[in-house]
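Visitor: starting from these lines, generate the structure:
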Amino acid sequence: MKFCVTKFKGLLFAATLSMLSEFLMGLSDSIVAGNMLGESALAAINVLQTPMNAISFFAWLIGTGTAICFSLEVGRFDKKRASEMFSQGAYSAVGVGLLLLGFMMFGRNAFFDALGADAEVRSLATSYWNWFAPCAVLEPLVVLLSAACYADGDSRLCVKSYVAQLSCNVGLSIALTKVMGVGGCGLGTTIGNAVTLCVLSLHFRNKANTLAFTRHFSFADLWALCRNSFGDASTRLCWAALFFFINKYVIDHYGSGMLPVAGVAIALIGVSEAFNGISNAAQPLIGVYMGEKNYRGVRTVMDVAIKTSLVGGLALTALLLVFPSLMLKMLGIDDPHLVAAGKTAVRIVSLGFVFWSFVTLFNSYYIFIERVALSCALTIAANFVAPWLLILAFGGFGVSGAWWALAAAPAASVTAIGLYTVLREGVARFPLLLDRVRDARIWIFDLRVTPESVCTVSEKVAAEIQASGGASDVAARAALIVEEVLMAVKDRNGAREVLAEVSLDMNEGISLVIRDDGEIFDITDADAQISSLRAYLVASIMESQKNRGNLTTTGYNRNVFKFQ
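Guide: Below you'll find the predicted structure:
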């Protein structure tokens, strides 16, 4: 099993749980309101998807951008810059949160006037809005810490925070709704975010924590955060505009009575958020590989990510085609007329899930490789422009025409962007847009750490260096480093099975990267608790090798050596 594939699969569960938690968090209030208070309460929360997604846009803009920049600096072995980027994100999240709170306090009436919903829906929505408003400050901080902890390898704490957030939100919303009506859902969400923030803060007590605050604020770095995450975060901005358009379109053409069915369609678009778990699992690995310019590693991670996206999209489509009533029961819709219309909406919109999975994956991937304009183009096309144009085109065929437009939008967007990249970049660079010339001088060796496998890999490293024109003494030194570092890892972990990867890059000089998923430790530390003879050998190698580095982050050990 390849090291990066194993790490990807290990991160995938936590990342997917994170995105499912985000989806269920966004939908939980609709579920509680629909089942406990009826379709009018469901419609009220549905029309608030626009301000909710606007808040999420700014939260993701700062949080995701911080995680991406942090991972890139880790990949470059620059701890100081990594700390500066994390601190920049933290200060920015607080500032943005306060500005959003001002909008929530003073922009409510203008929003409802523009939407044009009836008096009952407006009254219920206002009650929810008042108690939800503090989330404008809390959500940016939660997203920031969640993304940063995940990039720092603490996926277990992230899982615990998602469980805490979901359980608090749902439990408190149910209890408070009985007393406060729909406003109780908003208060439950606010308390759930506060609890999650407290749980995530426990990461700073982790011995392996590399997140550190420093006095740093730079508008140039703020722009770097936003630039690196805009493609990802702009999904929320597009959704804010798209959901307003869908609700307005339904109200104008079919009346407020059809808003619950519009809510089902909007919820299905939100389901695509679960696919972000795939790109989130790939991001820490791709970020480090890109920092090393190890494109072969990037390709390996993306190969498994693409296959995972395809399987996930097909499975979700099949599930909802066979059981469309699942979404309706979840949202508490039981009116016979709305149930029939809702089942039709579920079956039609679910046909686009395979392409939604590709939209979310490549939207994030283009950010990872710093093709921001392409990421933004894909995001805006799939999440606003294509649905908007297709709804206007198909709307004349009745309300089902709007659902067919939503199903076709991701397919049309993926096809258009794919054709553009082929024409501009060439078939050879499609779809990852990476230079294949580097791959010829990069070798990756995966192994389970045993004396036999270590000896075999060290010999292969020496052979490849010499075959590619490297000096014999350099080849011998590189082989010795591989052998002694991995055996030191073996000593540290005892009988535990350890998976490792040795990457050899001969594009600019000779670079040797050794990763392992064993116990996290600094191999150069005097307290590393490895045998005295091997510790002496490792220390001697480290001392003689000036261009080297050690970094314990992203959930694994990583040692880098460079030779002329």
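Visitor: average pLDDT for stretch 369-379?
Guide: Throughout stretch 369-379, pLDDT has a mean value of 88.
Visitor: mind listing what's buried in it?
Guide: 369, 371-372, 374-379 (16 or more other C-beta atoms under 10 Å). C-beta here means a position set from N, CA and C on the backbone, and glycine is covered the same way.
Visitor: equivalent analysis for stretch 230-248, please.
Guide: Going by neighbour count (16+ other C-beta under 10 Å), the buried part of stretch 230-248 is 230-248.
Visitor: CA atoms of that stretch as CSV?
Guide: Coordinates of each C-alpha in stretch 230-248 appear next as CSV, following Å, rounded to 0.1, in the frame of the first residue of the first chain:
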residue,chain,number,x,y,z
PHE,A,230,-11.6,32.1,-2.9
GLY,A,231,-12.3,29.3,-5.3
ASP,A,232,-13.4,27.0,-2.4
ALA,A,233,-15.2,29.7,-0.4
SER,A,234,-16.9,31.3,-3.4
THR,A,235,-19.1,28.3,-3.5
ARG,A,236,-20.9,29.7,-0.5
LEU,A,237,-21.1,33.1,-2.0
CYS,A,238,-22.6,31.7,-5.2
TRP,A,239,-25.0,29.6,-3.1
ALA,A,240,-26.1,32.7,-1.3
ALA,A,241,-27.0,34.4,-4.6
LEU,A,242,-28.4,31.2,-6.2
PHE,A,243,-30.6,30.3,-3.2
PHE,A,244,-32.0,33.8,-3.1
PHE,A,245,-32.7,33.5,-6.9
ILE,A,246,-34.4,30.1,-6.5
ASN,A,247,-36.6,31.3,-3.6
LYS,A,248,-37.5,34.5,-5.3
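Visitor: quick check: end-to-end length of stretch 329-343?
Guide: Stretch 329-343 has an end-to-end distance of 11 Å (C-alpha to C-alpha, to the nearest Å).
Visitor: can you list contacts of that stretch?
Guide: 27, 30-31, 33-36, 38-39, 42, 258, 260-261, 263-264, 267, 324-325, 327-328, 399 (C-beta atoms under 8 Å, 6 or more residues apart in numbering).
Visitor: try stretch 409-418
Guide: Here stretch 409-418 has contacts from 272, 352, 355-356, 358-359, 362, 374, 377-378, 381-382, 386-387, 390, 430-431, using C-beta under 8 Å, 6+ apart.
Visitor: model confidence over it, on average?
Guide: Stretch 409-418 comes out at a mean pLDDT of 95.
Visitor: work out the gap between it and the centre of the chain.
Guide: Counting by C-alpha atoms, centre = their mean, to the nearest Å, stretch 409-418 is centred 21 Å from the centre of its parent chain.
Visitor: that stretch: which residues count as buried?
Guide: 409-414, 416-417.
Visitor: what's the farthest-apart pair in those?
Guide: 409 and 417 (12.5 Å; C-beta to C-beta).
Visitor: and whatever helix or strand residue 355 lives in, how far out from the chain middle?
Guide: Following DSSP states H and E, one finds residue 355 within helix 353-368. A distance of 11 Å separates the centroid of the chain from that of helix 353-368, by C-alpha atoms, centre = their mean.
Visitor: name the next helix or strand downstream of it, please.
Guide: Taking DSSP H and E, what comes next after helix 353-368 is helix 372-380.
Visitor: let me see the mean pLDDT of the helix or strand following that following helix.
Guide: Sequence-wise, the next helix or strand downstream of helix 372-380 (DSSP H and E) is helix 386-394. Taken as a whole, helix 386-394 carries a mean pLDDT of 94.
Visitor: got the angle between helix 386-394 and helix 372-380?
Guide: 40 degrees (axes from the mean of the first three to the mean of the last three C-alpha atoms, to 10 degrees).
Visitor: among the contacts of stretch 409-418, which ones are buried?
Guide: 272, 352, 355-356, 358-359, 362, 374, 377-378, 381-382, 386-387, 390, 431.
Visitor: what's the most distant pair in those residues?
Guide: 390 and 431 (23.7 Å).
Visitor: please identify the helix or strand for the residue nearest the centre of the chain.
Guide: For the chain, the residue sitting closest to the mean C-alpha position, by C-alpha atoms, centre = their mean, is residue 280 at 3.2 Å. Secondary structure assignment for residue 280, by DSSP H and E: helix 276-292.
Visitor: pull out the buried residues from that helix.
Guide: Neighbour-count burial for helix 276-292, counted by 16+ other C-beta under 10 Å, picks out 276-292.
Visitor: now do the following helix or strand past it, average pLDDT.
Guide: Downstream of helix 276-292, the first helix or strand assigned by DSSP H and E is helix 295-322. Here helix 295-322 scores 94 as its mean pLDDT.
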